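Colleague: this one's structure only:
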């Protein structure tokens, strides 16, 4: 399974494409796509240049958690900086 991710332009937050074609900061709300459908969805997301930047596909497990070779990277992107817990998502600064 795949999900589409990128960064929101207005604040740089990591976002994921939901089933309703909106963006969310919660990876658990990301729409899962079969590998066959994911490229078309990604191409459509990449045209939304006024909303996000650097859209790409990530592997996700059935429960919506990042999986595959980039699981650690995506976990860090979702959680925020690893050196300062008073900044980023873990500090409640980005919604």
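Modeller: Everything's here; your move. In this text the structure is predicted, and so the values were computed from the model without any measurement. Residues are numbered from 1 along each chain as shown.

Colleague: neighbours of the nearest residue in space to residue 7 that is not next to it in sequence, just the number please.
Modeller: The shortest distance from residue 7 to any residue that is not its chain neighbour, by Cβ to Cβ, 6 or more residues apart in numbering, is 5.3 Å, and that residue is residue 53. C-beta here means a position set from N, CA and C on the backbone, and glycine is covered the same way. When counting by other Cβ atoms under 10 Å, one arrives at 13 neighbours for residue 53.

Colleague: Who are the packing partners of the helix or strand where residue 53 lies?
Modeller: Residue 53 is located in strand 52-59, with elements delineated by DSSP states H and E. With contacts defined as 3 or more Cβ pairs under 8 Å, 6 or more residues apart in numbering; DSSP states H and E, the packing partners of strand 52-59 are strand 2-8, helix 35-46.

Colleague: Select, out of those, the one closest to residue 72.
Modeller: Put simply, out of the helices and strands packed on strand 52-59 the one that sits nearest residue 72 is strand 2-8, at 14.6 Å, with distance taken as Cβ to Cβ.

Colleague: what does that closest one contact?
Modeller: Counting by Cβ atoms under 8 Å, 6 or more residues apart in numbering, the neighbours of strand 2-8 from elsewhere in the structure are 13-17, 23, 27, 30-35, 38, 41-42, 45, 51-60, 64, 74, 77.

Colleague: Check the separation of the first and last residues in stretch 45-61.
Modeller: According to Cα to Cα, to the nearest Å, stretch 45-61 extends 21 Å from its N-terminal end residue to its C-terminal end residue.
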